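Undergrad: How does the following fold in three dimensions:
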Amino acid sequence: MNEAERINQILNILYQQESVTSESLEKLFNVSPMTIRRDLQKLYEKGLIVRYRGGAMLARTTFGHEPPLHERETENLQKKRAIVMKAANLIKDGEVIVLDVGSTTIELAKVLRNRSNITVFTASLTIANIFLNTNVTVYLVGGVLQHKENCLGGPVARGVIRQYHFDKFFLGAAGVSENSGLTDFGMDEVETKKAFIERSKEVIALTDSSKFGKVSFTTICKFNDINHIITDCDLDPQMQNSIRKKGVNLIITDYNEELL
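TA: Presented below is the predicted three-dimensional model:
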């Protein structure tokens, strides 16, 4: 059995049982520990597995299906609310900020309703609607209506975005992986996110701990494109260390205390 066949077999094993020990693979293939380490490293570099001491587990991928926005709004709600409270504290009076399309940024918009001296850009119709009858100045980028996410996108939206400069972009993502960076489902939505990243002084990702270790359909950006990630205290300490080594300021919030 050559290397490619062995690696493919390891993947098949992981698809069946989700985790495996290095020792069991050494015995199964009758190869050295070094050989198995190399095989696992190649799978790790592709973002397909998560390595731990003595073995590996399948990366919690999210390819193919994203729940509707109205369903996602109720998931991990306590964690999201704690995350957005931290995020709101980063916003200074007079700043021009961007709120990404997504369930966590919807919660941030609710927190910001009572602010008066900020300007908000967004592609989300849901977020724009939250600011109705408030003192917040809101710019809704134009473009083609994306019904599933209730947002605007396409070349027109990106053309508008590239005319402006923003202080902070609050970014959402479906997955955060050490090797793949930040990922999401829709290609068009990701292109809009990239346009906002290019025009923003600071990029702040708002991602609860359930998103880590996941790889979605297409890459939004790598870690060197963002300044901060705000998440919750359920994130594995090993993953916390790995993310910090990427040079990102990782902000951890305790959702049990934040909302007291």
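
Undergrad: hey, where'd the helices end up in the chain?
TA: 3-17, 22-29, 33-45, 69-72, 77-89, 103-112, 125-130, 155-161, 187-198, 237-245, 255-258 (DSSP state H).

Undergrad: most tightly surrounded among these?
TA: Comparing those by mean neighbour count (mean count of other C-beta atoms under 10 Å), helix 103-112 comes out on top with a mean of 22. For every residue, glycine as well, the C-beta is placed using N, CA and C.

Undergrad: picking that back up, among the helices of the chain, which comes closest to residue 224?
TA: helix 187-198 (11.2 Å; C-beta to C-beta).

Undergrad: mind showing which ranges of this structure have poor pLDDT?
TA: 15, 18, 59-71, 73-74, 257-260 (pLDDT under 70).

Undergrad: middle-most residue in it, spatially?
TA: Residue closest to the average C-alpha location in the chain (C-alpha atoms, centre = their mean): residue 173, at 2.8 Å.

Undergrad: I figured that residue hits residue 220, correct?
TA: Yes: contact criterion C-beta atoms under 8 Å: residue 173 and residue 220 qualify, at 5.9 Å.

Undergrad: overlap in contacts of the two?
TA: Shared contacts of residue 173 and residue 220, defined by C-beta atoms under 8 Å, 6 or more residues apart in numbering, are found at 182-184.

Undergrad: What sits closest to residue 236 if chain neighbours are left out?
TA: residue 212 (7.4 Å; C-beta to C-beta, 6 or more residues apart in numbering).

Undergrad: residue ranges for the strands of the stretch 101-250 of the chain, please.
TA: 119-122, 137-140, 144-146, 151-153, 166-171, 175-177, 181-184, 200-206, 218-221, 228-232, 249-253 (DSSP state E, counting those that start in this stretch).

Undergrad: any chance of the shared contacts of residue 173 and residue 220 in a markdown table, plus distance to residue 90 and neighbour count?
TA: Formatted as a markdown table, those follow (distance: C-beta to C-beta, whole Å; neighbours: other C-beta atoms under 10 Å):
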| residue | distance to residue 90 | neighbour count |
| --- | --- | --- |
| 182 | 18 | 27 |
| 183 | 24 | 24 |
| 184 | 22 | 23 |
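
Undergrad: Which one of these is nearest to residue 160?
TA: residue 184 (20.3 Å).

Undergrad: separation between the residue nearest to that closest one when sequence neighbours are not counted and residue 108?
TA: Distance criterion C-beta to C-beta, 6+ apart; nearest residue to residue 184, sequence neighbours excluded, is residue 174 at 4.7 Å. Distance, residue 174 to residue 108, using C-beta to C-beta, to the nearest Å: 17 Å.

Undergrad: same question, residue 230
TA: Counting by C-beta to C-beta - residue 230 and residue 108 are separated by 10 Å.

Undergrad: tell me, what's touching those two both at once?
TA: 87, 206.

Undergrad: hmm, back to that, please produce JSON lines containing the strands of the stretch 101-250 of the chain, extended by distance to residue 38.
TA: Formatted as JSON lines, those follow (distance: least, C-beta to C-beta, whole Å):
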{"stretch": "strand 119-122", "distance to residue 38": "46"}
{"stretch": "strand 137-140", "distance to residue 38": "51"}
{"stretch": "strand 144-146", "distance to residue 38": "43"}
{"stretch": "strand 151-153", "distance to residue 38": "42"}
{"stretch": "strand 166-171", "distance to residue 38": "35"}
{"stretch": "strand 175-177", "distance to residue 38": "20"}
{"stretch": "strand 181-184", "distance to residue 38": "24"}
{"stretch": "strand 200-206", "distance to residue 38": "32"}
{"stretch": "strand 218-221", "distance to residue 38": "25"}
{"stretch": "strand 228-232", "distance to residue 38": "30"}
{"stretch": "strand 249-253", "distance to residue 38": "30"}
